[in-house]
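1. fold the following, please.
(chains A and B)
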Amino acid sequence: DGGITQSPKYLFRKEGQNVTLSCEQNLNHDAMYWYRQDPGQGLRLIYYSQIVNDFQKGDIAEGYSVSREKKESFPLTVTSAQKNPTAFYLCASSMGIGRDEQFFGPGTRLTVL
Amino acid sequence: KNQVEQSPQSLIILEGKNCTLQCNYTVSPFSNLRWYKQDTGRGPVSLTIMTFSENTKSNGRYTATLDADTKQSSLHITASQLSDSASYICVVSLSGNTPLVFGKGTRLSVIA
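-> This next block holds a predicted model:
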């Protein structure tokens, strides 16, 4: 069953703690993305990666970090430097950057207490 | 600046009625335009894609139009169902290896 998985579905953390969100895909896609979605707002790009061991900052990268050690995996770390981390986080993948369709995971809702 | 504007922000309609959602974009160079459906608490799913040369594309009860001259697109939903309640997001891609440009979405509520 091909697709993108994100875990966990819900995540709670105390303020000041770093937290890592998982994203795995078995679609053999080269490109992967992380988005943040807040109520009433559109998707905002945090980071994206075109290929293993390479990634680029998106529009709101401050307070976040990523790694791309494997083609299938693109974990996102929300650091304590992120001032307002509570949000819905979506991971996506596509064959390439730009015009190819992006397939989205089910999302992780992070709540920082 | 590359932007995608959607209207209305939210919409409530009765089950069985039709509705039309609007998308205006200022994106260049344009490659294609997609409409995504996002159910609450889920990831978006692609409904349609249109390139520069296409002006209409249907997917069941969903029909998208594109006017590349005026840089406008619409998504028409026919005979709405309760399951159509979702956010509908207009997404434009540029030529070249650049990330997509997302609209903020229209929140549609279909009520019985």
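2. OK, now which residue of chain B is nearest to chain A?
-> Of all residues in chain B, the one sitting closest to chain A is B:G43 (3.2 Å; C-beta to the nearest C-beta). The way it works is simple: take the backbone N, C-alpha and C, and place the C-beta from them, glycine included.
3. what residues does chain B have near chain A?
-> In this structure, chain B approaches chain A at residues B:9, B:31-32, B:34, B:41-46, B:49, B:89, B:93-100, B:102-105, judged by C-beta under 8 Å from any C-beta of the partner chain.
4. make it 7 Å
-> Where chain B comes near chain A, counting by C-beta under 7 Å from any C-beta of the partner chain, the residues are B:31-32, B:41-44, B:46, B:49, B:93-94, B:96-100, B:102-105.
5. doesn't B:V101 make contact with B:V92?
-> Yes. With contact defined as C-beta atoms under 7 Å, B:V92 and B:V101 form a contacting pair (4.8 Å).
6. out of those two, which sits in the more crowded spot?
-> Taking neighbours as other C-beta atoms under 10 Å in any protein chain shown, B:V92 and B:V101 compare with B:V92 leading, 23 against 20.
7. tell me the strands beside the strand or helix carrying the more buried one, with direction?
-> Assigned by DSSP states H and E, B:V92 falls within strand B:86-94. Here strand B:86-94 is paired, per DSSP bridges, with strand B:30-38 (antiparallel), strand B:101-102 (antiparallel), strand B:106-111 (antiparallel).
8. so where's chain A uncertain?
-> For chain A, applying pLDDT under 70 flags the ranges A:1-2, A:99.
9. and residue 38, how many neighbours?
-> Picking chain A for this. A:D38 has 12 neighbouring residues, counting by other C-beta under 10 Å.
10. meant chain B actually
-> Using other C-beta under 10 Å, B:Q38 has 20 neighbouring residues.
11. look up how far A:L43 lies from it.
-> B:Q38 sits at a distance of 9 Å from A:L43 (criterion: C-beta to C-beta, to the nearest Å).
12. ok, now A:K14?
-> In this view, A:K14 and A:L43 are 27 Å apart by C-beta to C-beta.
13. now the most centrally placed residue in chain A, what's its secondary structure?
-> A centroid search over chain A (C-alpha atoms, centre = their mean) returns A:W34, at 2.9 Å, as the residue closest to the centre. Going by DSSP: H, G, I helix; E, B strand; the rest coil, the secondary structure assigned to A:W34 is strand.
14. in the chain, which spans are strands?
-> If you meant another chain, say so; for now it's chain A. Read by DSSP state E, chain A holds these strands, from start to end of the chain: A:4-7, A:10-13, A:19-25, A:31-37, A:44-51, A:54-57, A:64-66, A:76-78, A:87-94, A:103-104, A:108-112.
15. meant chain B actually
-> Counting by DSSP E, the strands of chain B are B:3-7, B:10-14, B:19-26, B:30-38, B:45-51, B:56-59, B:62-67, B:72-77, B:86-94, B:101-102, B:106-111.
16. now the first one and strand B:86-94, what's the angle there?
-> Put plainly, it is strand B:3-7. Here the directions of strand B:3-7 and strand B:86-94 differ by 150 degrees (axes from the mean of the first three to the mean of the last three C-alpha atoms, to 10 degrees).
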